[in-house]
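>>> Quick one, what's the 3D model for this:
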Amino acid sequence: MIILNLKTKNFMQHLLLKPTFDAFSLIEGEVTTYNTFKIDGYIHKNFFEDAPPAEYSLWADLRDFCFQIIRGKRTPLAFKFVLSLPKERFEDFLSGQGVTGIVSSDIQGMYINIRYSGSLLQCATGISFKSFVMDKTLDGIWDSYVKKFFLNHEIDFE
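Prediction:
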């Protein structure tokens, strides 16, 4: 796990106005303005005639909704978003990074946790397994991947 301090304006453009994070799943979100708005990204499959293949909504499907809550003359008091690489992409990620010895079905989530607390905007990375794992190799690989992802998209961090 790493924690990155983000440049607010630069990052918010990528989060809300550009498709930078659209391929990630939104696990949960919370925005505090004049009210606290909570978003559960879990898809209720019984709502649809044809069940969607994913467990969680993509950020692409909720980005505009979140933008409508956040935008305005006043800055939100706080917000947090938990994004994850979609489970359908775990296997490709592992093979693309040359990871062996880890089965994608053992991974609960590969997370990017975004938190704004009124003045500080941070991102924390994290890996969650379905059972305890001593090997932290994947954590380091995910941390490096997120840093490279940010650099490739010209997202400023320190």
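
>>> For the residue nearest the centre of the chain, give me its contacts.
Nearest to the geometric centre of the chain sits Leu83, at 1.8 Å (CA atoms, centre = their mean). With contacts defined as CB atoms under 8 Å, 6 or more residues apart in numbering, Leu83 is in contact with Phe21, Phe24, Ser25, Leu26, Ile27, Trp59, Tyr111, Ile112, Asn113, Ile114. To be clear about C-beta, it is placed using only N, CA and C from the backbone, and glycine gets the same treatment.

>>> can you count the residues close to the first one?
Burial of Phe21, expressed as a neighbour count using other CB atoms under 10 Å, amounts to 21.

>>> didn't it look like it was pressed against Trp59?
Yes. Between Phe21 and Trp59 a contact is recorded at 4.7 Å, counting by CB atoms under 8 Å.

>>> And the top helix by length along the chain, what's buried?
What stands out as the longest helix in the chain, according to DSSP state H, is helix 137-152. Across helix 137-152, burial judged by 16 or more other CB atoms under 10 Å covers Leu138, Asp139, Ile141, Trp142, Asp143, Tyr145, Val146, Phe150.

>>> do stretch 93-108 as well
Result for stretch 93-108 [16+ other CB under 10 Å]: buried residues Phe93, Leu94, Ile102, Ser104, Ile107.

>>> what does stretch 111-121 give?
Buried positions in stretch 111-121, judged by neighbour count with 16+ other CB under 10 Å: Tyr111, Ile112, Asn113, Ile114, Arg115, Tyr116, Leu121.

>>> just the helices in the chain please.
Assigned by DSSP H, the helices in the chain fall at 8-12, 59-70, 90-96, 137-152.

>>> a markdown table for those helices, including distance to Lys45 and mean pLDDT?
Shown next, in a markdown table, are those (distance: least, CB to CB, whole Å; pLDDT from 0 to 100):
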| stretch | distance to Lys45 | mean pLDDT |
| --- | --- | --- |
| helix 8-12 | 32 | 95 |
| helix 59-70 | 15 | 97 |
| helix 90-96 | 20 | 96 |
| helix 137-152 | 28 | 97 |
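
>>> could I get the ones you listed as a markdown table with distance to Phe47?
Shown next, in a markdown table, are those (distance: least, CB to CB, whole Å):
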| stretch | distance to Phe47 |
| --- | --- |
| helix 8-12 | 30 |
| helix 59-70 | 13 |
| helix 90-96 | 25 |
| helix 137-152 | 31 |
